[in-house]
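1. Got a sequence here, can you build the structure:
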Amino acid sequence: MARILIVTPAPRGSRKGNRITANRWSRLLKASGHDVRISEEFTGQRCDVLIAFHALKSAASIDRCSQTSPDRPIILLLTGTDLYGDIHRNKAAADSLNKASRLVLLQSHGIHELPARLHSKVRVIIQSAEPPRRSPQPLKRAFEICVSGHLRPVKDPFRAALASRKLPASSKIQITHIGSALSPTMERRAVDEMVRNDRYRWLGEVSNSKARQLLARSRLLVLSSKMEGGANVISEAIAASVPVLASRISGSIGLLGDDYPGFFEVGSTAQLTALMNRCEDDADFYGELLFHVKQLAPQFTPKCEQESLRQLISDVCSDS
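-> Residues are numbered from 1 along each chain as shown. Have a look, this model is predicted:
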């Protein structure tokens, strides 16, 4: 058994991805027999292993840990803003890479953002999701498409709504958008979109259980982000056998595969409209997407994630 401290900048009760992942990892590691605690920073707490989320936001904790106990293993989980931004332009974030014993990626494509000298430190851990206990039936009156994520610019959150405006009048596609608005501007835009677009409905923030049920009853998930480290909502969609239409970004390619047929170029409303329309009208194409998702599902189970974490802790403890 190891005493493990998980440091994440997302506070207790946060619905952000980092905190959700920290809570899930804590449960899985405890189930493997470890003593696990979560904190927003390292301030000298007793632990055998430090797991830090975010190279920049946890840089001070990583530095403090490496200074006070140079032999203590540090595992750094790299987020999307780390991989595709901070580590390339911020010295503190780059220094965190060097101080860490292991670097965890949430999808395999992210390794291309790291210098070759660090590749031996890298471990890929795919985020898991539980399948729904009872699969809800899709809506009969509509071809429902789910957009799940907080409303902020990096998510390009209204791309599906814009794409739905260009659908033929005969289409039954409806967009159900869940996630909180992180600025008044985003909230106003969501409300305005509902006024002008009959196909779009924004529900705001909902409980985790309701979000999973809404996703599970949907025909598709649209993830239109400009940047992702490895979106957990893709794991949730795959666990629920819901096909994904995703912007062609590294973080999503690393989860869905280069040959996945449901990609569109970042910001391309026309391509997304065409894909949505094809999914509704072409049963063979929709079946192809569903086949890919079901083939991927075994990689996204809690058992696989728990085993990856177990092996990671075993590796760093045997090294120290």
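2. how about the helices in the stretch 51-200 of the chain?
-> Secondary structure of the stretch 51-200 of the chain by DSSP state H, counting those that start in this stretch: the helices cover 59-68, 80-81, 87-89, 91-99, 159-165, 184-196.
3. Lowest mean pLDDT across those helices, which one is that?
-> Mean pLDDT across the helices of the stretch 51-200 of the chain is lowest at helix 80-81; the value there is a mean of 90.
4. which residues touch L309?
-> W25, L28, L29, S32, I125 (CB atoms under 8 Å, 6 or more residues apart in numbering). Bear in mind the C-beta positions are built from the backbone N, C-alpha and C, glycine included.
5. make it 7 Å
-> L309 sits next to W25, L28, L29, I125 when contact means CB atoms under 7 Å, 6 or more residues apart in numbering.
6. top of these by neighbour count?
-> W25 (24 neighbours; other CB atoms under 10 Å).
7. what about dumping the CA coordinates of stretch 94-109 to PDB?
-> As requested, C-alpha coordinates have been extracted for stretch 94-109 and formatted as PDB (Å, rounded to 0.1, in the frame of the first residue of the first chain):
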ATOM      1  CA  ALA A  94       8.300  23.000 -18.900                       C
ATOM      2  CA  ASP A  95      10.300  22.600 -15.700                       C
ATOM      3  CA  SER A  96       7.400  20.500 -14.300                       C
ATOM      4  CA  LEU A  97       8.100  17.900 -17.100                       C
ATOM      5  CA  ASN A  98      11.700  17.500 -16.000                       C
ATOM      6  CA  LYS A  99      10.900  17.200 -12.300                       C
ATOM      7  CA  ALA A 100       8.300  14.500 -12.800                       C
ATOM      8  CA  SER A 101       9.100  10.800 -12.600                       C
ATOM      9  CA  ARG A 102       6.300   9.900 -15.000                       C
ATOM     10  CA  LEU A 103       4.200  11.900 -17.400                       C
ATOM     11  CA  VAL A 104       0.600  10.600 -17.900                       C
ATOM     12  CA  LEU A 105      -1.300  11.300 -21.100                       C
ATOM     13  CA  LEU A 106      -5.000  10.600 -21.500                       C
ATOM     14  CA  GLN A 107      -4.600   9.700 -25.200                       C
ATOM     15  CA  SER A 108      -1.700   8.400 -27.200                       C
ATOM     16  CA  HIS A 109      -1.500  11.200 -29.800                       C
END
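8. can you list contacts of it?
-> Outside stretch 94-109, the residues touching it (CB under 7 Å, 6+ apart) are 55, 59, 62-63, 66, 73-78, 87, 111, 118, 121-127, 229-230, 250-251, 253-255, 312, 316, 319.
9. could you redo the last one with a cut-off of 8 Å?
-> With contact meaning CB under 8 Å, 6+ apart, stretch 94-109 is reached by 52, 55-56, 58-59, 62-63, 66, 73-78, 83, 87-88, 111, 114, 118, 121-127, 229-230, 250-255, 312, 315-316, 319-320.
10. for that stretch, which positions count as buried?
-> Of the residues in stretch 94-109, those buried by neighbour count under the rule 16 or more other CB atoms under 10 Å are 94-97, 99-109.
11. For burial, what's the neighbour tally of N197?
-> The burial count assigned to N197 is 15, neighbours taken as other CB under 10 Å.
12. same check, this time on A60
-> For A60, the neighbour count with other CB under 10 Å is 15.
13. who's in contact with it?
-> Under the criterion of CB under 8 Å, 6+ apart, the contact partners of A60 comprise E41.
14. what's the answer for H150, then?
-> Taking CB under 8 Å, 6+ apart, we find H150 in contact with R15, K16, P157, G179, S180, A181, L182.
15. That one: what's its closest spatial neighbour, skipping adjacent residues?
-> Nearest residue to H150, sequence neighbours excluded (CB to CB, 6 or more residues apart in numbering): G179, at 4.5 Å.
16. In this protein, where is pLDDT below threshold?
-> Where the chain drops to pLDDT under 70, the residues are 13-15, 320.
17. Was I right to think A31 contacts K303?
-> No - with contact defined as CB atoms under 8 Å, A31 and K303 do not form a contacting pair (10.4 Å).
18. And these two? Which one has more around it.
-> For A31 versus K303, the count of surrounding residues by other CB under 10 Å is larger for A31: 13 against 10.
19. Please report the distance of the residue nearest the centre of the chain from R219.
-> Taking CA atoms, centre = their mean, the centroid of the chain lies closest to A231, which sits 1.7 Å from it. Separation of A231 from R219 (CB to CB, to the nearest Å): 19 Å.
20. surely R199 meets K166?
-> No - in this structure, R199 sits apart from K166 without contact. The criterion is CB under 8 Å, and the distance is 10.3 Å.
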